[in-house]
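> Provided below for reference: sequence and predicted model.
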Amino acid sequence: MVQFGQGQSYAANCPPFPAPPAGYRVWNTQTDGPVPTAAVQDAQALAGNMQLPLGYADTIYVNGIPLIVRVDPHPWTTDAQGNVIPGCYHGATVYTPTSPGQGVVPPSSGGGTSALLTASILLGATASGIALIDRFFGRR
């Protein structure tokens, strides 16, 4: 069973970040623009729901494009100042289709790491903060 929390020991035991669903890639704000509000809201709701297992996914449609929002383990998050905080967090990631025929810009070379960083910062920070507050301060 995955243990979620803050610190190097949690980060060291966090499951590896899974591959994107077939036909999808991580949303990249450098090529795709800002993550749509509906996707951010869904990601925050999924990440904040600790009852959802890793791998749980929703499909939402933004301008007719199917986006997948999946609960994934995140081995770090960021604080309000952008500092990286190691741990294992119940996060959510937004995935977009790889097919440019669906109105999505194809991935740029080498964009995977920055895309993961960007998506994690945008989606993981808020949801992880909420989950940690709930866990450590007893709001359940």
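Here it is on my side, so go on.

> where does the nearest residue to residue 8 once chain neighbours are set aside land in three-state SS?
The shortest distance from residue 8 to any non-neighbouring residue, by Cβ to Cβ, 6 or more residues apart in numbering, is to residue 86 (5.3 Å). C-beta: built from backbone N, CA, C; applies to glycine. Put simply, residue 86 is strand when judged by DSSP: H, G, I helix; E, B strand; the rest coil.

> Counting neighbours, what do you get for residue 86?
Residue neighbour count, defined by other Cβ atoms under 10 Å, stands at 16 for residue 86.

> same thing with residue 69?
The number of residues packed near residue 69 is 27, by other Cβ under 10 Å.

> hang on, it packs against residue 44?
No. Applying Cβ atoms under 8 Å as the test, residue 69 and residue 44 come out as separate, 9.6 Å apart.

> just to revisit the earlier point, residues contacting the residue nearest to residue 8?
Residue 86 is in contact with 6, 7, 8, 10, 11, 75, 76, counting by Cβ atoms under 8 Å, 6 or more residues apart in numbering.

> what kind of secondary structure is the spatially most central residue of the chain in?
Among the residues of the chain, the one closest to the centroid is residue 93, at 2.7 Å (Cα atoms, centre = their mean). Under three-state DSSP, residue 93 falls in the strand class.

> So it versus residue 2, what's the distance?
Separation of residue 93 from residue 2 (Cβ to Cβ, to the nearest Å) stands at 16 Å.

> Same question for residue 64.
Distance from residue 64 to residue 2, by Cβ to Cβ: 35 Å.
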